[in-house]
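>>> Fold the stuff below for me.
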Amino acid sequence: AQLRPLLFDLNLEVCRQSAIALGRLGTSTAIAALSEVLTAPHTPEALAIEIIRALGWSNKIEGLKALQTAFLNSNLTERCQLEILTVLGRVEQLKLNASEILLTLLQSGLIQSHAGLQAIALSLGQLGNVDAIAPLIQLLANPDVGVRLHVISALKTLEPAIAHQQLEEIYQLENEQTELAKGIAIALKEWNLQTTQ
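I've put the predicted structure just below:
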């Protein structure tokens with residue numbers, strides 16, 4: 001109750017420090033206050049980024065859900081969206097929940113930028129959920145080299161043996177002319193280069 005009004009202070013530093021404090025409190029009321037300001041139309045980008053970090057540090061499922069809702073339902077800047085994808089990848093205690101949210105965001109089709117796809121691949125790799133292997137392999141269909149390299153790195157981090165096996169199985173079934181087949185071929189080549197070194 002004391003900190004919430006400070007999120008609207010004219011001094012941006014006061015707002016930032018209030019967001020950090022509310023994130024550390026991590027109560028449902030604190031998370032609701034942070035979420036409200038994050039999705040407000042005139043929240044400055046610097047404050048929004050601080051709120052995103054605070055929600056991630058809250059280590060509460062409500063905080064992660066607030067990040068998902070903000071990503072899906074508000075007009076956040078691309079920088080704020082990238083921050084959400086990055087923060088979700090750094091979650092310590094709720095890794096499974098965070099990876100499920102990232103997979104939902106990936107499958108929503110809302111993430112179109114190369115930077116966004118790279119960030120989501122990196123975050124999924126950090127969280128260690130093997131359920132992310134199949135969606136990540138599908139992401140190899142993106143023709144951007146940076147996206148493909150981030151996906152390959154994530155697959156190697158998750159569960160290399162399972163990922164490699166799935167890559168080979170899908171490659172056998174795929175028409176060689178598709179973007180997915182081309183992406184998988186690059187991944188397998190990269191994989192084999194590293195194992196021979």
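>>> only C-alpha atoms for contact and neighbour calcs from this point on.
Will do.
>>> Any buried residues in the helix or strand encompassing Arg148, and which?
Arg148 belongs to helix 145-158 when assigned by DSSP states H and E. Within helix 145-158, the residues that qualify as buried by neighbour count (16 or more other CA atoms under 10 Å) are 147-158.
>>> What is that helix packed up against?
When contacts are defined as 3 or more CA pairs under 8 Å, 6 or more residues apart in numbering; DSSP states H and E, helix 145-158 sits against helix 114-127, helix 133-139, helix 179-196.
>>> Can you tell me which of the buried residues of helix 145-158 is closest to Ala187?
Ile152 (5.9 Å; CA to CA).
>>> Enumerate every residue touching the residue minimising distance to the centre of the chain.
Geometric centre of the chain, nearest residue: Leu85, 2.6 Å, by CA atoms, centre = their mean. By CA atoms under 8 Å, 6 or more residues apart in numbering, Leu85 lies in contact with 102, 116, 119-120, 123.
>>> switch the cut-off to 10 Å
Contact analysis of Leu85 by CA atoms under 10 Å, 6 or more residues apart in numbering lists 52, 67-68, 71, 98, 101-102, 105, 116-124.
>>> what's the answer for Ala141, then?
147-148, 178-184.
>>> The nearest residue to it once chain neighbours are set aside - how many residues pack around it?
Counting by CA to CA, 6 or more residues apart in numbering, Ala141 lies nearest to Leu180, which is 3.8 Å off, once chain neighbours are set aside. Per other CA atoms under 10 Å, the neighbour tally for Leu180 reads 21.
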